[in-house]
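> Using only what follows, build the 3D model:
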Amino acid sequence: FLSGMAGALSQKGLQLTGIRGRDPFLYTIEISFFSAMTLLVNMVRSSNGFTKLEWQKQRSYWNWKTLIPIVMKASGGVITALVHKYAGSVSKGFALMFGLVLSNMIQLTMKQDSLQPYQIVGTIMIMLSTWLHFTHPPV
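Predicted coordinates for the structure are as follows:
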């Protein structure tokens, strides 16, 4: 529920604000800033926050490889904002569901593994919801 609501609000903010909508890159920066501020406030409020020694210990393990997940996560956020602006969150949801069904088919054919019951139920629910959406389009 919350993911769908966040997608709808994100799409509305990107597509309907201003004359041509908002800039997805600036939107991603704003979301990242507010997420970082929330994390910072929680770190300061926690009773066992980082001490100076713990912070120095954390920094000693950082190297150039530390940037890989940061860059990947940031690029994923930009791509998500671009998809919300130009395709919409419903199309993003269908692409996600198609990816899940495709990974199930690959697991079934390439690995020769049988699907778990929850995977079968999930695939059936995806196919049913897709069929319902396209045979009964929203008014």
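
> what's stretch 83-97 in contact with?
With contact meaning C-beta atoms under 8 Å, 6 or more residues apart in numbering, stretch 83-97 is reached by 4, 7-8, 10-11, 14-15, 21-22, 24, 80, 126, 129-130, 133. To be clear about C-beta, it is placed using only N, CA and C from the backbone, and glycine gets the same treatment.

> can you give me the helices for the protein?
Listed in chain order, the helices of the chain (DSSP state H) span 2-15, 24-45, 52-60, 67-86, 89-110, 117-135.

> Tell me the buried residues in the first one?
Spelled out, that is helix 2-15. Across helix 2-15, burial judged by 16 or more other C-beta atoms under 10 Å covers 7, 10-11, 13-14.

> now swap in the second one and tell me
Along helix 24-45, these residues count as buried under the neighbour rule (16+ other C-beta under 10 Å): 24, 27-28.

> what's the nearest residue to residue 107 if we skip its chain neighbours?
Here the nearest residue to residue 107 in space, its sequence neighbours aside, is residue 113; by C-beta to C-beta, 6 or more residues apart in numbering that works out to 5.5 Å.

> Next one: that neighbour, what pLDDT does it get?
pLDDT recorded at residue 113 is 77.

> Count the residues that sit near it.
10 (other C-beta atoms under 10 Å).

> which residues sit against stretch 26-40?
For stretch 26-40, contacts defined as C-beta under 8 Å, 6+ apart pick out 10, 13-14, 74, 77-78, 81.

> The same query, at a cut-off of 6 Å, please.
Contact partners of stretch 26-40, identified using C-beta atoms under 6 Å, 6 or more residues apart in numbering, comprise 14, 77-78, 81.
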